[in-house]
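Trainee: The sequence and its predicted three-dimensional model are supplied below.
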Amino acid sequence: MSYKVVTDDSFNSQMDELNGTLLSLLDAQGGKVESDIEYGVRWTKGASSPACERVTRYKGAISTWDISYTANVGEVHDNPFDYIDLFSPQKFTDVHGNVFARFKRFYVARQTLGTYEYIWVCRKKLYSFYNLPKAFYRNGQPYWNYVDIGCYEGSDETMDGTSYLASKSGQIPSHNKTRTAFFNNAKAWNNTLENTTSEYYLISTMSEITEVLQPLFTIMTATKNSQSIYNGVVSHKTDAINVSSVSGTKCYFASEQIAFAAGYCVCANGSTDNAQYYKIVSTGTDGAGFYVELDRTPTVSVTSLAVRPNFTGDTDSIVATSGSASNAGKSSFKVFTIENIYGNIWKQILDLTIKDYVPYVCQNLENWTDTTSPETNSNFIRCSYKLAETNSYVKEVGFDAENHDAILPIEVGGSSSTYYCDYFYISAGARTAYFGGRLNYGDTDGLWYWDLDLGVGNSSWNRGARLSHRSL
């Protein structure tokens, strides 16, 4: 590389030369800078195909976007979206060791133009129809600069007698807790929020799904069929299988058990106690028969084993922001560095409660309490539409101008390969909100899958939560 000596006589001419070079580079980019570009996808309104077309808009002109995305399944491919700020959240680790994907403020819009439906994202609010995702709001007003979504499904951590919801690798996903318990365990990291406090802990909110992850994922992958990109942990058999004998860390069976493989998480005797969750380190046969070898010697007399959600951190070995070891339905995956956005274990959604097919959204999460009467709770706002009243695959979603994060199924009748390609459960009464599916739900799981069928206060071994964090 050659260098020039800058003198008083040559300074202006050299600066002119530099500016000319920069202008030439900018001109080669069409005169665009990233913050002025809208990134989006579109599909024909009413079309059954989940395929989308990537587009950009600059100064009002819409163009097709010549970019591609290859899923990292079994091998790592270069992902051009990693070089676009909006699609490449940085990892953030808090002082407690919780790991998050950090999303900076951006704006999202849904628009109908002619025969097309569009989803747009942009770093600036270029038009009035753009919304700042409500995840960046506090008490109904824009407030937070960062939304941090746990890279790992929530796990249990106890220190000095206090229970916490963590986002850490190598842990059993937290389960068998109510939404209130999950939220309290999240807030335990910092349970006060004064005007001068710059952070807040909670569990996943609807906006994180509908205004952050769904738009970015759909634009990046150009499809509403999320499982066609990453299948996720969806195809395990969870029925208990009888154990004939135990020797040390080996559990033996009367016949070969193909439901088990190295790396799977299993529980003994149907227990919901974390002490009876184990990881399979190997399988095989010896003189005593067919066996699975556990990561430690069981502390109880084992009569049966059943597969349970994968431990956190199974994707740590993938050197990419997204990827999966396999698409066979039993491997964890990550997108935007977030593991198992859908599948593996249902995730509670904090701020959504359904009452007789009507969504109610909590606007003040600091005053949130679970309720079977959201219609009389001042912290909840009623949405302007009713949900579909039948369990089926999602065909169309609804929107509400006052609750722009409330993007939920209003029409069903699709399939696992048409429209939104994910299932939907609903029933009358007061219902809590779960998202994404679980380890044995097959092709019903995905980024548009909602279970609004269970009562407020529900808990189960296959239902967990994800830690979230807000900061300035």
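Mentor: Cool, got the structure.
Trainee: got a list of what the spatially most central residue of the chain touches?
Mentor: With distances taken as CA atoms, centre = their mean, the residue of the chain nearest its centroid is Ile341 (3.1 Å). Applying CB atoms under 8 Å, 6 or more residues apart in numbering, one finds that Ile341 lies in contact with Leu213, Phe217, Val335, Gly436, Leu447. In this view, the C-beta of every residue, glycine as well, is placed from N, C-alpha and C.
Trainee: shouldn't Ser198 be in contact with Ser471?
Mentor: Yes - here Ser198 reaches Ser471: they are 5.7 Å apart, a contact under CB atoms under 8 Å.
Trainee: what about those two, which has more around it?
Mentor: Neighbours of Ser198 and Ser471, each counted by other CB atoms under 10 Å, are more numerous for Ser471; the result is 17 against 12.
Trainee: Tell me the spacing between His175 and Ala51.
Mentor: When CB to CB, to the nearest Å is applied, the distance between His175 and Ala51 equals 36 Å.
Trainee: do Asp82 as well
Mentor: 23 Å.
Trainee: tell me what the strand or helix carrying Lys347 is packed against?
Mentor: Using DSSP states H and E, Lys347 maps to strand 346-348. In this structure, strand 346-348 makes packing contacts with strand 434-435, strand 463-464, judged by 3 or more CB pairs under 8 Å, 6 or more residues apart in numbering; DSSP states H and E.
Trainee: hmm, back to that, between His175 and Ala51, tell me which one has more neighbours.
Mentor: Shown here are His175 and Ala51; by other CB under 10 Å, His175 has more neighbours (24 against 13).
Trainee: So that one sits against Asn458, correct?
Mentor: No - counting by CB under 8 Å, His175 stays clear of Asn458, with 11.9 Å between them.
Trainee: Show me the strands paired with the strand holding Lys347, marking each as parallel or antiparallel.
Mentor: Here strand 346-348 has these sheet partners by DSSP bridges: strand 434-435 (antiparallel), strand 463-464 (parallel).
Trainee: Report the rounded mean pLDDT for the first one.
Mentor: To tie it back to what came earlier, the one meant is strand 434-435. Regarding strand 434-435, the rounded mean pLDDT is 98.
Trainee: Past it, which element shows up next along the chain?
Mentor: Taking DSSP H and E as the definition, the helix or strand that follows strand 434-435 towards the C-terminus is strand 450-452.
Trainee: Also the last one?
Mentor: Along the chain past strand 463-464, the next helix or strand (assigned with DSSP H and E) turns out to be strand 467-471.
Trainee: just checking, what packs against that next one?
Mentor: Secondary structure elements in contact with strand 467-471, counted by 3+ CB pairs under 8 Å, 6+ apart, are strand 99-104, strand 146-150, strand 199-203.
Trainee: Distance to Asp422, mean pLDDT and mean neighbour count added to the ones you listed, as a markdown table?
Mentor: Supplementary listing: these in a markdown table, determined by distance: least, CB to CB, whole Å; pLDDT from 0 to 100; neighbours: other CB atoms under 10 Å:
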| stretch | distance to Asp422 | mean pLDDT | mean neighbour count |
| --- | --- | --- | --- |
| strand 99-104 | 22 | 98 | 21 |
| strand 146-150 | 20 | 98 | 26 |
| strand 199-203 | 21 | 95 | 22 |
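Trainee: Now render these as a markdown table, adding distance to Phe92.
Mentor: As requested, the helices and strands packed on strand 467-471 are exported to a markdown table (distance: least, CB to CB, whole Å):
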| stretch | distance to Phe92 |
| --- | --- |
| strand 99-104 | 4 |
| strand 146-150 | 5 |
| strand 199-203 | 11 |
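Trainee: Determine the longest strand present in this structure.
Mentor: The single longest strand within the chain, with elements called by DSSP state E, is strand 277-286.
Trainee: Not counting it itself, show me its contacts.
Mentor: Contacts made with strand 277-286 from outside it, assessed by CB under 8 Å, 6+ apart, are listed as 172, 249, 256-257, 260-268, 271, 290-296, 298, 308, 311.
Trainee: can you tell me which residues contact the nearest residue to Ser416 once chain neighbours are set aside?
Mentor: With CB to CB, 6 or more residues apart in numbering as the measure, Asp443 is the residue that lies nearest to Ser416, at 4.1 Å, once sequence neighbours are left out. Shown here is Asp443, whose contacts under the criterion CB under 8 Å, 6+ apart are Gln227, Val234, Ser416, Cys421.
Trainee: now for those residues, which pair is the farthest apart?
Mentor: In the contacts of Asp443, two members sit farther apart than any others by CB to CB. They are Val234 and Cys421, at 12.7 Å.
Trainee: Mutual contacts of the two, please.
Mentor: In the contact map built from CB under 8 Å, 6+ apart, the residues linked to both Val234 and Cys421 are Gln227, Asp443.
Trainee: In the sheet, which residues pair with Pro173? Tell me.
Mentor: The partner list for Pro173 in beta bridges (DSSP bridges) reads Ser155.
Trainee: That one is in contact with Asp156, isn't it?
Mentor: No - between Pro173 and Asp156 no contact is recorded; they are 9.1 Å apart, counting by CB under 8 Å.
Trainee: quick one: the helices in this protein?
Mentor: Remark: helices assigned in the chain by DSSP state H are 8-28, 179-187, 206-207, 214-221.
Trainee: got a list of contacts for the shortest one?
Mentor: Under the criterion CB under 8 Å, 6+ apart, residues Pro133, Lys134, Ala135, Tyr137, Ile349, Asp351, Leu352, Val361, Asp405, Ala406, Ala433 lie in contact with helix 206-207.
Trainee: how near is the second one to Tyr39?
Mentor: Spelled out, it's Lys134. 20 Å.
Trainee: same check, this time on the first one
Mentor: Distance, Pro133 to Tyr39, using CB to CB: 15 Å.
Trainee: cool, and the fourth one?
Mentor: In this structure, Tyr137 and Tyr39 are 23 Å apart, going by CB to CB.
Trainee: More neighbours: which of these two?
Mentor: Counting neighbours by other CB under 10 Å for Tyr137 and for Tyr39 shows that Tyr39 has the greater number, 25 against 19.
Trainee: can you pull the contacts of that one?
Mentor: When contacts are counted by CB under 8 Å, 6+ apart, Tyr39 touches Arg54, Thr56, Trp65, Ile84, Leu86, Phe87, Trp120, Val121, Cys122, Ile219.
Trainee: Residue ranges in the stretch 101-250 of the chain under the pLDDT threshold?
Mentor: Screening the stretch 101-250 of the chain residue by residue with the criterion pLDDT under 70, one finds the ranges 191-197.
Trainee: on that earlier part again, can you select the buried ones from the contacts of Tyr39 in PyMOL?
Mentor: To isolate the buried members of the contacts of Tyr39 in PyMOL, using 16 or more other CB atoms under 10 Å:
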select buried, resi 54+56+65+86+87+120+121+122+219
